[in-house]
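>>> Everything below, folded, please.
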Amino acid sequence: MLTVWLAPAPDLPDPVLVVASYLYPGCKVLAGDDRALRWVEREGRALGVRRAARVAVGGAFHSPLMARAEDAVRHAVRALQLAPPRVPLVSCVDAAPVRDAAAARRRLARLTAAPVRWEQALHRLYARPRSAPQPFTVALGPGAALRATLRQVNARAWDASVLVDV
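Okay, here's the model as predicted:
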């Protein structure tokens, strides 16, 4: 079964509905125009959607409906002074390592209209042989959502993590 969170967008003549975020197995965020989102709310059960809930956001982020904003983001990111990462960094755009500032800039701009591949990025970060220990992970933030997501993706990594509620 699939849990879906819905992100609204203005009604458009040609309905758009895409996965905007891969959170963890069985949980995806969809983005699209309002007509398509209403259709999922109405017809989703027949397609295996267990739960659909609207997310209070201002647009269809991480979807093709944001493509016009990508150039503006690309321009803004060029103005950032970025250094190469000092720690292993995996992009949630493609779950690939980011080794230099240019790669970080490209991926930040792409994230405007590309889906967030959080589940895939976590798999990449925590991939190691079964005999190897998981790294100690500190999840920072209010609430336990980050750590709960880690548990859904990799229970061994979750066992080696703590929450610091800030």
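>>> what's the helix or strand hosting A102 packed up against?
Per DSSP states H and E, A102 falls inside helix 101-110. Judged by 3 or more CB pairs under 8 Å, 6 or more residues apart in numbering; DSSP states H and E, the packing partners of helix 101-110 are helix 67-78. Bear in mind the C-beta positions are built from the backbone N, C-alpha and C, glycine included.
>>> Give me the residues contacting the helix it packs on.
With contact meaning CB atoms under 8 Å, 6 or more residues apart in numbering, helix 67-78 is reached by 105, 108-110, 112-113.
>>> now those: which count as buried?
105, 108-110, 112-113 (16 or more other CB atoms under 10 Å).
>>> quick one: which of those residues is nearest to Q81?
For these, the residue nearest Q81 by CB to CB is R105; the value is 10.8 Å.
>>> got the contact list for that closest one?
74, 77-78, 80, 82.
>>> Show the buried residues in those.
V77.
>>> Sort out which one of the contacts of R105 lies nearest Y24 for me.
Y24 has its nearest neighbour among the contacts of R105 in V77, at 27.8 Å by CB to CB.
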